[in-house]
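Asker: only the shape, not the letters, is given here:
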């Protein structure tokens, strides 16, 4: 047998063995500990196992101590509205240590607390969060803290009313690699440097199809602060507040902003002006002088009327803000600047309709109904006549 055949057979054996060994452990109650609890399931889990919840395990799990994740596991919750894992305002909720890993969906993580980093989740390995809610968590830095060398992906998730008490990143502080898609970050707070996201010098943050609304920094960076590398594409910023950089404040020029909306900020949308690379962005009602020049971006739109509606449930798993007709966002995006493979907006609706791309996280352009030819109209008319005659004879 060839070496390729030998290694192929070995690989199949390893995959098969892994599949056989993986198990599903069911949580049957919302107790903090003991048989049937989430804590007991984590303690019993082997690498690759999945933890699920029975119909009886809904409500709030009140944690007395942090849940440590030391092996790669998956936790599949019953839905963010059905299950809350609470730090009760006293402890961090999840600590994913080196060698661990967490794939988490369908839960709310609430009321975590720490004077350090990551009140909801501190990650030193690999974390994936989907269709969840991160809310009411308070940390020195970060509702979620993604540490140096760690990786986190977040999709279809809401970060609401999380607070940083030190440097910043009420929702997320990133020292490693972070990707956020199709998510809403609202009403998060920090004293300085990014009420929603804070990217540290070695951090790389990518944001696609996300909505930032009502985030408040007492100093710089109402929504986002960057000291590393930040890319924000096809996203919406509205009513974020800071003394400067209500949308984003950056300490270097490693920021790319394409197809984004910046509206109704309390100060300059971007600080310092001229510090970013971007195209096809919409600016409205931030600092009027800077809005008019586009903050050094290209192909920008200085809108003359409100570009987005209120935050609301417009379809999909998160709340969003619909582009308004005449507000400058409709059909003014650049399809060429879309990330490769992006076909859906934040709600899961088609991202491009009839060669039209709306700026921001949501696509609202209606689908055009193709016209019917006279010949096809004649055929349809004839069918309707025959159908009517058949119904008359039956009567």
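Answerer: Received, thanks. From a predicted model like this one, the values you see are computed outputs, not experimental measurements. Numbering: from 1, shown residues only.
Asker: where does residue 295 fall, phi/psi-wise?
Answerer: With angles defined as degrees, to the nearest 10, residue 295 sits at phi 60, psi 30.
Asker: just the one 4 residues further on next, same as before
Answerer: As for residue 299, its main-chain torsions (degrees, to the nearest 10) stand at phi 50, psi 30.
Asker: with residue 335 instead?
Answerer: According to degrees, to the nearest 10, residue 335 has phi -60, psi -30.
Asker: okay, now it: neighbour count?
Answerer: Per other Cβ atoms under 10 Å, the neighbour tally for residue 335 reads 12. Any C-beta I mention is one placed from the backbone N, CA and C, and that applies to glycine too.
Asker: what do you get for the one 4 residues further on?
Answerer: Here the neighbour count serves as a burial measure; for residue 339 (other Cβ under 10 Å) it reads 15.
Asker: hmm, it is touching residue 208, no?
Answerer: Yes. Assessed by Cβ atoms under 8 Å, residue 339 is found in contact with residue 208 at 5.9 Å.
Asker: contacting residues for residue 202?
Answerer: When contacts are counted by Cβ atoms under 8 Å, 6 or more residues apart in numbering, residue 202 is found next to 148, 175-176, 228.
Asker: so is residue 293 in a helix, a strand, or just coil?
Answerer: helix (DSSP: H, G, I helix; E, B strand; the rest coil).
Asker: pLDDT at the closest residue to it other than its chain neighbours, what is it?
Answerer: Excluding its sequence neighbours, the residue lying closest to residue 293 (Cβ to Cβ, 6 or more residues apart in numbering) is residue 273, at 7.6 Å. You'll see residue 273 listed with a pLDDT of 94.
Asker: same deal with residue 2?
Answerer: 38.
Asker: what do you get for residue 9?
Answerer: 39.
Asker: same check on residue 167?
Answerer: 89.
Asker: re the thing from before, overlap of the contact sets of residue 339 and residue 208?
Answerer: What both residue 339 and residue 208 touch, as defined by Cβ under 8 Å, 6+ apart, is the set 233-234.
Asker: mind telling me what element the residue nearest to residue 293 is part of?
Answerer: If you go by DSSP states H and E, residue 273 is not part of any helix or strand.
Asker: go ahead and confirm it touches residue 296.
Answerer: Yes. Using Cβ under 8 Å, residue 273 is in contact with residue 296, at 6.6 Å.
Asker: how about the helices in the stretch 1-150 of the chain?
Answerer: Applying DSSP state H, counting those that start in this stretch to the stretch 1-150 of the chain gives helices spanning 3-21, 38-44.
Asker: mind telling me which of those the model trusts least?
Answerer: Among the helices of the stretch 1-150 of the chain, helix 3-21 carries the lowest mean pLDDT (a mean of 40).
Asker: how far away is the spatially most central residue of the chain from residue 259?
Answerer: When the chain is reduced to its mean C-alpha position, the nearest residue by Cα atoms, centre = their mean turns out to be residue 183, at 2.6 Å. Here residue 183 is placed at a distance of 17 Å from residue 259 (Cβ to Cβ, to the nearest Å).
Asker: and if you look at residue 287?
Answerer: Look at residue 287 and residue 259: by Cβ to Cβ, they are 21 Å apart.
Asker: neighbour count for these two, which is higher?
Answerer: residue 259 (28 against 20).
Asker: OK, contacts around the more buried one?
Answerer: 233-235, 279-281, 333-334, 337-338, 357, 359-360.
Asker: list the residues that contact residue 24.
Answerer: By Cβ under 8 Å, 6+ apart, residue 24 lies in contact with 49-52.
Asker: one more time with 6 Å, if that's ok
Answerer: Residue 24 sits next to 50, 52 when contact means Cβ atoms under 6 Å, 6 or more residues apart in numbering.
Asker: next one, pLDDT for the residue nearest to residue 72 when sequence neighbours are not counted please.
Answerer: Counting by Cβ to Cβ, 6+ apart, residue 101 is the residue found nearest to residue 72 once chain neighbours are left out, at 3.3 Å. At residue 101, the model reports a pLDDT of 98.
Asker: neighbours around residue 101, how many?
Answerer: Neighbourhood size, residue 101 [other Cβ under 10 Å]: 20.
Asker: isn't residue 234 up against residue 211?
Answerer: No. Residue 234 is not in contact with residue 211 according to Cβ atoms under 6 Å; the separation is 10.7 Å.
Asker: which one's more surrounded, these two?
Answerer: Using other Cβ under 10 Å as the criterion, residue 234 and residue 211 rank with residue 234 on top: 30 against 25.
Asker: which ones are touching the residue nearest to residue 72?
Answerer: 72, 125-126.
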